[in-house]
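Undergrad: What follows is a predicted structure for the sequence shown.
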Amino acid sequence: MCRRLRCKLLVILLALPAATACSDSGAPSTTSSVTSPTSGVNVVENFTGTLTLNGGWSFPFSTVTSGSIAAELKSLDTVPPTVPPDPTLKVGLWVGVWDGARCSSGIADDNAVKGTVINAFAISQGNFCVRIYDSKGNVPAGGETFQIEVTHP
């Protein structure tokens, strides 16, 4: 009995660093231009935050019906803002399915720059997500502030 408990504890302790290594850092924000969507009305949501070296952020959203989903990387700016932004900096942008804990199985572009749009389609009402991540490991030490605009049904 004691051996079984130690084994479970060992599994938990081994999994803990892997889980924390994938966590997001900082405190992103979310704004929505429509608070209670109805069928046939598109919702526009804006997600902002600071992307750090090898970091990533996931933002869940829900659709009320089937329809087109578009996620656009509206801004990507160097921190501090006194440093000129690098228009060639590539990051990852992903639209996927929200499983309650993470953004999974979706459409991704590992070479997204400011202005990149990812288009997807929701076949029904559901939980989806947009994710931004340092796909190349080249985000500057100070980070990059970002804004992602998602339009969905």
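TA: It's in.
Undergrad: Helices along the chain, start to end?
TA: Under the criterion DSSP state H, helices of the chain are mapped to 2-21.
Undergrad: what ranges do the strands span in it?
TA: Under the criterion DSSP state E, the chain contains strands at 29-32, 43-51, 56-63, 67-78, 91-98, 103-112, 117-122, 126-133, 144-152.
Undergrad: Need those in CSV (columns: mean pLDDT).
TA: As requested, the strands of the chain are exported to CSV (pLDDT from 0 to 100):
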stretch, mean pLDDT
strand 29-32, 56
strand 43-51, 98
strand 56-63, 97
strand 67-78, 96
strand 91-98, 98
strand 103-112, 95
strand 117-122, 97
strand 126-133, 98
strand 144-152, 98
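Undergrad: closest one to Pro85 among the ones you listed?
TA: For the strands of the chain, proximity to Pro85 was assessed by CB to CB; strand 67-78 is nearest, at 4.8 Å. Using the backbone N, CA and C atoms, a C-beta is placed for each residue, glycine as well.
Undergrad: which residues sit against the closest one?
TA: When contacts are taken as CB atoms under 8 Å, 6 or more residues apart in numbering, the neighbours of strand 67-78 outside the stretch itself are 42, 46, 51, 63, 84-86, 89, 91, 93, 95, 112-122, 128, 130, 132, 140, 142, 144-153.
Undergrad: re earlier: how about the strands of the chain in CSV, adding mean neighbour count?
TA: Written out in CSV, the entries for the strands of the chain read as follows (neighbours: other CB atoms under 10 Å):
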stretch, mean neighbour count
strand 29-32, 12
strand 43-51, 19
strand 56-63, 20
strand 67-78, 19
strand 91-98, 22
strand 103-112, 16
strand 117-122, 16
strand 126-133, 21
strand 144-152, 21
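Undergrad: Can you give me the pLDDT of Pro81?
TA: pLDDT, Pro81: 75.
Undergrad: who's in contact with the spatially most central residue of the chain?
TA: For the chain, the residue nearest the mean C-alpha position is Arg131 (1.9 Å; CA atoms, centre = their mean). Arg131 is in contact with 56-59, 92-96, 103, 106, counting by CB under 8 Å, 6+ apart.
Undergrad: Now with 7 Å, please.
TA: Shown here is Arg131, whose contacts under the criterion CB atoms under 7 Å, 6 or more residues apart in numbering are 56-58, 94, 96, 103.
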